[in-house]
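S.K.: Sequence plus predicted model, see below.
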Amino acid sequence: MPYDRLDKDVAMMKATGINVVRIAESTWSTVEPQEGVFDFSHIDRVLNAMHQGGIQVIIGTPTYAVPTWLVRKYPGVLAITPSGPNQYGARQNMDISNPDFRQHAERVIRAMLAHVKDHPAIIGYQVDNETKAYNTAGPAVQKLFVQYMQKKYPSLDALNLAFGLDYWSNRINNWDDFPSTVGTINASLGSEFSKFQRQLVTDYLAWQAGLVREYKRPGQFITQNFDLEWRGYSYGIQPDVDQMAAARALDVAGIDIYHPSQDQLTGTEIAFGGDVARSLKAGQNYFVIETEAQGFPQWVPYPGQLRQQAFSHLASGANMLEYWHWHSIHNSAETYWKGLLSHDFEPNPTYDEAGTIGRDFQRLSPQLVNLKKTNQVAILFSNEALTGFKWFSFGWGAKENYNDVLRPLYDALYRQNVGCDFVDPSSPNLAQYKLLLVPALYAAPTPLLERLNQFVRNGGHVVYTFKSGFSDENVKVRATRQPGIIAEACGVTYSQFTLPVGVALKGDPYQVGTAHNQVMTWMELLTPTTAQVLASYDHPVWGKYAAITQNHYGKGLATYIGCGTSAAVTEKIVADAVQKAGLWGPDQQAYFPLITRSGVNQQQKKVHYYFNYSAAPRTLPYPYGPGQELLTSTAVAKNQPLQLAPWGVQIVVEK
Amino acid sequence: MPYDRLDKDVAMMKATGINVVRIAESTWSTVEPQEGVFDFSHIDRVLNAMHQGGIQVIIGTPTYAVPTWLVRKYPGVLAITPSGPNQYGARQNMDISNPDFRQHAERVIRAMLAHVKDHPAIIGYQVDNETKAYNTAGPAVQKLFVQYMQKKYPSLDALNLAFGLDYWSNRINNWDDFPSTVGTINASLGSEFSKFQRQLVTDYLAWQAGLVREYKRPGQFITQNFDLEWRGYSYGIQPDVDQMAAARALDVAGIDIYHPSQDQLTGTEIAFGGDVARSLKAGQNYFVIETEAQGFPQWVPYPGQLRQQAFSHLASGANMLEYWHWHSIHNSAETYWKGLLSHDFEPNPTYDEAGTIGRDFQRLSPQLVNLKKTNQVAILFSNEALTGFKWFSFGWGAKENYNDVLRPLYDALYRQNVGCDFVDPSSPNLAQYKLLLVPALYAAPTPLLERLNQFVRNGGHVVYTFKSGFSDENVKVRATRQPGIIAEACGVTYSQFTLPVGVALKGDPYQVGTAHNQVMTWMELLTPTTAQVLASYDHPVWGKYAAITQNHYGKGLATYIGCGTSAAVTEKIVADAVQKAGLWGPDQQAYFPLITRSGVNQQQKKVHYYFNYSAAPRTLPYPYGPGQELLTSTAVAKNQPLQLAPWGVQIVVEK
Amino acid sequence: MPYDRLDKDVAMMKATGINVVRIAESTWSTVEPQEGVFDFSHIDRVLNAMHQGGIQVIIGTPTYAVPTWLVRKYPGVLAITPSGPNQYGARQNMDISNPDFRQHAERVIRAMLAHVKDHPAIIGYQVDNETKAYNTAGPAVQKLFVQYMQKKYPSLDALNLAFGLDYWSNRINNWDDFPSTVGTINASLGSEFSKFQRQLVTDYLAWQAGLVREYKRPGQFITQNFDLEWRGYSYGIQPDVDQMAAARALDVAGIDIYHPSQDQLTGTEIAFGGDVARSLKAGQNYFVIETEAQGFPQWVPYPGQLRQQAFSHLASGANMLEYWHWHSIHNSAETYWKGLLSHDFEPNPTYDEAGTIGRDFQRLSPQLVNLKKTNQVAILFSNEALTGFKWFSFGWGAKENYNDVLRPLYDALYRQNVGCDFVDPSSPNLAQYKLLLVPALYAAPTPLLERLNQFVRNGGHVVYTFKSGFSDENVKVRATRQPGIIAEACGVTYSQFTLPVGVALKGDPYQVGTAHNQVMTWMELLTPTTAQVLASYDHPVWGKYAAITQNHYGKGLATYIGCGTSAAVTEKIVADAVQKAGLWGPDQQAYFPLITRSGVNQQQKKVHYYFNYSAAPRTLPYPYGPGQELLTSTAVAKNQPLQLAPWGVQIVVEK
């Protein structure tokens, strides 16, 4: 802070309805200015001021950025990545497996928690922040990896076979010879190392959570701030963390969600991140630990947008909404990542709009909090598939990754107002869904694929994309006809594939017009065994092969998409699957930019959110039983048109 | 040289009117072939031959490129940059602060100067060449930086506050912990390191100049070959040197100016570089130490262009014009950077045209040399603002830099034939100007901004662009409403800004047509307090904010440009400011490609240069009192049309 | 292999007509699992199975990829390149000059050869694979380079003069000071280092061949798998190997050729690679060691293409055709570089088509094998010119390289069905050709250029492109008018050149239309002395200069192309040269996509191949004496139309 204004800040927070803040994350150099010397006076001041103001506090452990003295004394705390040793300066540059880092992290965490643990303002703790392994890959980490491999592969022969290491003389005949994986050209080995790095994250968060658990009071929670694949905004599944596994050590899942705004605001990332976060703890409500206030210059919200975003988070099941950050920062890297307040600390339109959110939350919380959602559609994602796909995707030099396949499926659901959960290979509850969408399940163990066959056999519906089932969990391509094990449920096989050049779907089967009917990025030359052909290729040579198929198997139905399709075609395929699964309902009368999300509140009432993600006013008929629109406190009858303002929201609770 | 032809070279130089050469720069490995062994025979040969031919010589100290033996014995002379240690081969790869480098540089300079100092051919010395710190940033340099910081910030607390180092745990609690700045994410720290690097250059050049001053004879000058931001040609303010400060140790400012040619020749860079160089020593005439002869393949001049360029340099106040280089080089990096002679050493069209220049210079020198210019417009540039802006500019990933804001203002003056000087925060003489153009004064100390307010209050006119006044000299954003201190003179405030997408100026206020009326790169959401709105945004949401304002303050006028504008709009804004400052005169009847530049010669006569920067003949009326056109020796009456050939020039001296 | 199926593989190979396999390359870690411990059981198994199946075997030495234990024990075997030390993982990462590598390579080669040498299945050996120096440039290599330079340049003064090292103080005054060439900016020094690296390859292959020669039986051959410049496919002359020199140690030249397929299949690379390989051993037949089966996803062949490609190789003089590889690999880097079999090991369309090739080869071999070709046109290429050109090409930042000049000349011949050989500066047999095409002979020693003048004087025809003759063998630009020595034969000079912007050939002299008539990339401002002007520039300033000239000199004719021309213009220039050399014959009635290639078979009969490189059926009249079409066993009369299917082939043997 350029000057002291804590009381003024608390007053302004209260004025805008803020009732919780998160502090202490990234403050290691302040709370432990020299090794073993602690100074928690800043934290005390803030805790007291907040408590006095009636604002609750989440304490973050301060380990996300390391102090100068630690690096000077123990240079090894900086991770060595494939690009070389990290330099001091940035956050997230440490080796989370380094013993010196762990020892000093433990000391500062324990000292801080011992100091604050009895303070009444504290409602919970966040362990670290946006934790990953930061691609730590130096000699010490390599040693840990070899130990991990020795445990996993008692026999080197088995390892050499499973990973195909004979190729290019990469065979390892002695554990002492195990080379650094940094230079590996073996996707199996490289993917295993990525899995090991994700395990480091899981272990590290569990270790921090264990420390905190020794100090926390009953009723206080432990959370983490997970994040998503970053493309300048939160785009897709996080490649570097096995969030399902990591979340097991937490009480509540937290997430940060940043998204395009202004004319690019669609709500998709809010829904996506929320659906992921909610799925991490079996449908339990989650926290939005960070989202943008003013954000980047190009994200300054239009009037109404901040408010619309806030309710969108609630509509996905969020129980808390925190902005990064309160005020804009005057120095360093995030100067132009602006908070609720600008650098001048004065009210501004964004801050003012936040006040309306605060007041509405206060008033409506009893009806909105703890929203429960029960979806019958799930997307099956897999970190193993993601990593394996990264090595190969669509041929050398291709830039698309796993999320480029997953997101279009998600977006197709979102735009058609079909709610969904996320499951992964560890999920025990596949049977509770009627429809699974399975993008590019490139690397998968046999039992998982057999479970999916069984899921269909039992009456489930599945939509697979190309490349699913292609290799086993070690990224070894299956030595059977493709798509391997799932060929049974899908009723289709292929042994050749190519890249589409000027290829379309024959006869525009989804009636989307020439531009949207093109085949993109990949095409498998499918031959149905028992499947029905939904689409085939329009091409002089490849015309005899199927592009998209559907197969009745047991009591269920499996759709297989053998090629890259436009968003328009993907939506049609997904719509067909939703319909055939018997899930096409009243919500599907609305289509983006009219978005509806729903759930059941604490009073066991159905709550329906309606959003207009556009700059023009829009109307849609409310299709459910009589209810109450909460923001305007007006009654709504079935089929009554709801008038949605530009970037507007309405919330109807059924009676 | 592939073979000895010194006498032939001297004869050809004389034939083309060359009367000065620059030698010895970059020859360290020749003049000191082994440590402490000196051989100046090459220099002696050339000095004698030139003297005999009546050609004067500038001796360059040879330190710009280091010899092989020095690097082998003292590897530390090669700079360590953020990319790692430099390798032997290129020039400008050394650490100019390295003691071994300095010691050996001093020895060779002293030996060379002691050897040549009495030679009558020598008219002056150049210290080093295009000197910079070459981003030297290794441990030894870091240690010097910490000493510099200790001197500047007696208190670490003050430093931590000024630079905001608490953020991301970057706080420094002990000088011993001071981390390398190479990895810093703190723009304040990074910018201070850049300032420190510029100080290294200032100190180094002053040190070399001090050495030379011990040997030089009275009447001999010391110069440097400054250069500009390089974009494949000389584009803008040099980021890595504080040229105002560095020039203080010199007797004459020198500069190299390279520019596009053929159909892309506009004269802008010649004028820009000249106006910068002339401003470095308070309006004193300067040397063009290097400019292109044939240059790059794409720069081979069209007939007339070499001549036009030569007089353009004189029109800016140059007192010397040297080509890089005499003949083209047969080996190594600059083989395709061609001199007056091609590799065949024979006359060619470029050499032949140079001969006409030499003859005209010889004939007209008494009337053309020592041209004095008195401008009432200045551009205020700032190395601190430039560096701070580099860290942030227009959002993450933006490629524009400070010069992308400065050059359009300069170009607007140039194209409208308004002469200008350059001033920087150290300039004491702001009051001598009627109009200051201030591009992106991003980082600036309070006293400077107060001086600028005072300048307006006293009757001065200022044009500011967006982002001016935003942060203090430490790149800490001001914690007041923006634009901070200058808001007082500008009568406008803002606390939000965004990126323009499809935004124009409402109602095309400058009548430039749709394409030129677009807002680009940046837009501040301005609210006038006392200012008049010159333009506001055409946008459904941002339409209520001002884009460009103008404010009467005291006796003066402050224009504030809150957004990126097209060259056309920028010209209109600048024209308006020039007019309101009472500076719109006869020269403004001409517009690019007709360019006029003027001054007063040694006879106290007004000299007007007229250039046609186009491939078609053009005419313009001569608007001043009766004069004499020098090149044709014909009288010119007021309002008489001057006929300018393609790429032509005329020079009128008023009677 | 995911499971053992050797017998099945042999059976499937036999079924498709495969009669030779190549094994053991890249298997070092398998055959020597620990230092000095050998296990050749895999090789024995395969040798025995192949022998039993009647399939012959080529044994590759296993040195192309190093085992983990070798790198652990002797880290120095990994090359240090300008990017730093290589990492373990990839193939081709070693320093082929490293003594530890050489010692262990020798041991494993000797052990393997001693073990297998008596096996009857073996018909020959391949030494290493696609060998290069992999840019090895570490201190040990630098030491070897300095020794090489000391031998070549007894006097440092001579070296400094030849390479122009005085420039930028790069002068070397003592051998001990010789700096690493890694950072050099001196193109002469850099090019010499590249030549030295190519010498390492020549020496290394000769050394391996010498080892094999100690073991091989009479009648067994030694070959290498050379490859071409790689642009995602085999594009041009290999920059990193002096293949003419390296081939001297071999009995048979081998090459790998990969090329675009599907709609991009033209046959050009097949012909190019074949013409190069055939020229390496003075017209002797060569082996296609590797070419694509399914290849990359985008290369999956259309029906007919695999077959067409196979016969195209034979038409260039190949005596063997091997696919990379038999089956697709289930792990690691080349998973998507697919073999004849997909990962499922089952028959597929590509495998099936290979069967037709096998059957036809078996049946027609006596008439097709050992095809001898006698061409009267040759392309003169030069590794020295290629390297020198790489340093300069078309100005800083230009991306084109030497092959971008060479390939258009080759393509012009190919598309017009003019057969050619390749020669290089070491070729003694220039006089056997009537026409030489000489692309960008940028660096060349005086005797070579004088030989070329003599070639013309004696009645030869030459087509030179721009930049030929520009510098000597040390990349020192000649200090005479350009194009230096060849100016005599070409009757043209220049001393200036520029880049074309909006320049065309005046009056469209080749009648190719506006688009094809543009001048590209480079233009020399030519003035004929005795030459006739074929084309001049269409440009207001450069219009007085010639662009393309032709000169009678002695009994011959020299064409000089002074600028970058379109493929269409290049074809016309080449056609003109072919015609004037008296070589325009019946084959020139056909034009791409109708391609004909011919030779004389073992029965001394003329064999004519006809290919249709297009997706539409085409007809061309057979212009020679009565013959027999081999694939259909039908008689063909002179001028009878040959019906070529899409991607079809016919082979006519003259009676």
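M.R.: Done, it's in.

S.K.: Name all residues that make contact with the residue of the stretch 551-655 of chain A found nearest chain B.
M.R.: Nearest residue of the stretch 551-655 of chain A to chain B, counting by CB to the nearest CB: A:Ala615, 6.8 Å away. Where you see a C-beta, it was placed from the backbone N, CA and C, and this is true even at glycine. Taking CB atoms under 8 Å, 6 or more residues apart in numbering or on different chains, we find A:Ala615 in contact with A:Asp263, A:Tyr302, A:Pro646, A:Trp647, B:Pro540.

S.K.: one more time with 10 Å
M.R.: A:Gln262, A:Asp263, A:Leu265, A:Tyr302, A:Gly304, A:Pro593, A:Pro646, A:Trp647, B:Pro540, B:Val541 (CB atoms under 10 Å, 6 or more residues apart in numbering or on different chains).

S.K.: Just to be sure, it is in a helix?
M.R.: No. Looking at A:Ala615 with DSSP: H, G, I helix; E, B strand; the rest coil, it is coil, so not inside a helix.

S.K.: Got the phi and psi for it?
M.R.: Main-chain dihedrals, A:Ala615, degrees, to the nearest 10: phi -90, psi 0.

S.K.: before we move on, what about A:Leu452?
M.R.: When read as degrees, to the nearest 10, the backbone of A:Leu452 gives phi -70, psi -40.

S.K.: And it, how far from A:Val423?
M.R.: For A:Leu452, the distance to A:Val423 (CB to CB, to the nearest Å) stands at 11 Å.

S.K.: again, but for A:Lys434
M.R.: From A:Lys434 over to A:Val423 (counting by CB to CB), the distance is 13 Å.

S.K.: For the two, list the residues in contact with both.
M.R.: A:Ala378.

S.K.: Mutual contacts of A:Leu452 and A:Val423, please.
M.R.: Listed as contacting both A:Leu452 and A:Val423 by CB under 10 Å, 6+ apart are A:Leu380, A:Leu430, A:Leu436, A:Val438.

S.K.: Top of those residues by number of neighbours, please.
M.R.: Neighbour tally across the shared contacts of A:Leu452 and A:Val423 (other CB atoms under 10 Å in any protein chain shown): the maximum, 27 neighbours, falls on A:Val438.

S.K.: Name all residues that make contact with that residue.
M.R.: Neighbouring residues of A:Val438 by CB under 10 Å, 6+ apart: A:378-382, A:385, A:406, A:409, A:423, A:444, A:452, A:462-465, A:468-469, A:486, A:558-561.

S.K.: again, only using 8 Å
M.R.: Shown in contact with A:Val438 (CB under 8 Å, 6+ apart): A:Ile379, A:Leu380, A:Leu452, A:Val462, A:Val463, A:Tyr464, A:Thr465, A:Ser468.

S.K.: Pick out whichever of the residues you listed sits closest to A:Ile573.
M.R.: Nearest to A:Ile573 among the contacts of A:Val438, counting by CB to CB, is A:Val463 at 6.6 Å.

S.K.: Which residue, neighbours along the chain excluded, lies closest to that closest one?
M.R.: In space, and not counting its chain neighbours, A:Val463 is closest to A:Thr559: 4.5 Å by CB to CB, 6 or more residues apart in numbering or on different chains.
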